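# Only the shape, not the letters, is given here:
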């Protein structure tokens with residue numbers, strides 16, 4: 001090999017190593033560049049894009065319907081943070097696997113064991129109350145029921161409030177993960193399919209992504225931006241003559257008569273085959289409960305009067321959502337973001353509401369049976385159904401009806 005050429009190659013190698021050393025996260029570098037030879041794609045990056053963490057109020061509090069967290073400021077200890085937000089220092093430390101006098105990193109997130117005063121303009125927040133989903137299920141259901149007819153629900157007009165409260169902020173409540181022994185930031189990020197850098201930003205981790213046993217981590221929420229459509233498959237060019245028809249051999253000028261035979265095994269199988277049941281119309285087994293679960297899955301959010309007017313049941317995307325009991329479809333609606341809501345009216349002035357569903361299988365005024373498919377669990381980052389039971393328009397805990 002020519003000496004000059006060999007020195008040039010060595011120089012390129014040294015430059016490449018310098019670039020690797022300058023990277024912020026060298027362990028994530030992809031040394032296998034073969035997949036870039038066919039063109040660069042941003043599809044994976046777009047799919048993993050996450051939104052920014054909501055800004056806390058002046059105290060450092062971020063509030064959601066089911067929990068609150070506090071963001072530490074420069075120089076904070078557990079004790080000073082607890083004093084600023086009005087929490088009990090020992091309980092705050094114990095809840096997060098810390099000691100009262102432990103020093104916190106700037107922007108580190110602690111989970112609150114009990115709720116403190118909600119953010120409001122008085123504490124530096126733009127609006128009042130916890131961050132809630134942008135879809136107001138009660139408003140959607142109420143409007144849909146109104147459109148279904150005046151005789152569908154009886155309501156009582158309430159006296160007007162003295163002053164309208166400030167609007168509540170909207171957004172998605174992130175999942176929380178409590179760190180178990182042996183876990184790392186990388187394993188948690190892979191578990192929830194989020195970038196480890198985003199996990200660090202949301203939780204104020206250090207540059208080494210250090211986490212501790214018992215720590216609560218907020219899981220970054222996916223960005224609303226959609227991933228770009230996949231590139232079109234390039235058209236394959238056939239070599240000359242490849243598409244030419246094959247000549248018919250002389251022996252095939254008069255083909256033999258076609259035999260129509262059926263193997264014995266296939267004939268027996270066809271005779272014993274019965275039509276597959278229509279799962280969409282199949283009723284679930286009857287029980288002593290007043291209602292049946294719309295899907296079988298894990299309850300990831302429980303009923304909390306005034307904070308969560310129903311329960312959220314997680315299931316695999318595409319799982320059929322069944323009617324909790326027999327009744328009539330009072331209304332079907334959706335908001336501007338495409339969140340669907342189905343309302344079913346039952347005897348005794350009861351209503352059941354099914355939201356965050358897709359592929360609606362019924363129409364308004366349809367009569368449905370208990371367990372009959374009315375929709376499906378959506379895909380994406382939120383594979384669950386939000387299920388409510390209401391007496392008139394007043395929400396009630398669904399679990400007593402299901403157990």
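Perfect, thanks for sending it. Keep in mind it's a predicted model, so treat the numbers as computed, not measured.

# Give me the three-state assignment for the residue nearest to residue 290 when sequence neighbours are not counted.
What sits nearest to residue 290 in space, not counting adjacent residues and going by Cβ to Cβ, 6 or more residues apart in numbering, is residue 401, at 4.5 Å. C-beta coordinates here come from the backbone N, C-alpha and C atoms, glycine included. Following DSSP: H, G, I helix; E, B strand; the rest coil, residue 401 is assigned to helix.

# Residue 401 reaches residue 292, doesn't it?
No: look at residue 401 against residue 292 with Cβ atoms under 8 Å: they stay out of range, at 9.3 Å.

# any shared contact partners between those two?
Common contacts of residue 401 and residue 292 (Cβ atoms under 8 Å, 6 or more residues apart in numbering): residue 324.

# more neighbours, those two?
Taking other Cβ atoms under 10 Å, residue 401 and residue 292 do not tie; residue 292 has more neighbours (20 against 16).

# Run through the residues that contact the more buried one.
Each residue near residue 292 by Cβ under 8 Å, 6+ apart is listed here: 284, 322, 324-325, 370-371, 402.

# any chance you could map the strands in the stretch 251-400 of the chain?
298-301, 311-314, 320-322, 327-334, 340-346, 350-357, 367-368, 373-376, 384-391, 394-396 (DSSP state E, counting those that start in this stretch).

# And those strands: which comes nearest residue 202?
Nearest of the strands of the stretch 251-400 of the chain to residue 202, taken as Cβ to Cβ: strand 298-301 at 19.3 Å.

# Can you spell out which helices and strands pack onto that closest one?
When contacts are defined as 3 or more Cβ pairs under 8 Å, 6 or more residues apart in numbering; DSSP states H and E, strand 298-301 sits against strand 311-314.

# Direction included, what does the strand it packs on pair against?
Applying DSSP bridges, strand 311-314 is found paired with strand 298-301 (antiparallel), strand 384-391 (antiparallel).

# Out of these, which is closest to residue 112?
strand 298-301 (17.6 Å).

# I'd like the average pLDDT over that closest one.
Strand 298-301 carries an average pLDDT of 88.

# Name the residues of that strand that come out as buried.
Using 16 or more other Cβ atoms under 10 Å as the test for burial, strand 298-301 gives 299, 301.

# Is it correct that residue 84 falls within a helix?
Yes: counting by three-state DSSP, residue 84 is found in a helix.

# Model confidence for it, exactly?
pLDDT for residue 84: 95.

# That one contacts residue 60, correct?
Yes: the criterion here is Cβ under 8 Å, and residue 84 meets it with residue 60 at 6.9 Å.

# Look at those two and report which has more neighbours.
Ranked by neighbour count (other Cβ under 10 Å), residue 84 and residue 60 place residue 60 first, with 22 against 17.

# residue contacts, that one?
Contact analysis of residue 60 by Cβ under 8 Å, 6+ apart lists 70-73, 81, 84-85.

# now it: how far from residue 103?
From residue 60 across to residue 103, the span is 15 Å (Cβ to Cβ, to the nearest Å).

# And for residue 376?
According to Cβ to Cβ, residue 376 stands 50 Å off from residue 103.

# again, but for residue 382
Applying Cβ to Cβ to residue 382 and residue 103 gives a distance of 37 Å.

# Residue 113 too?
20 Å.

# More neighbours: the two, which one.
Ranked by neighbour count (other Cβ under 10 Å), residue 113 and residue 103 place residue 113 first, with 15 against 12.

# name the helices or strands packed onto the helix or strand harbouring residue 187?
Assigned by DSSP states H and E, residue 187 belongs to helix 185-192. For helix 185-192, the packing partners by 3+ Cβ pairs under 8 Å, 6+ apart come out as strand 176-178, helix 196-203.
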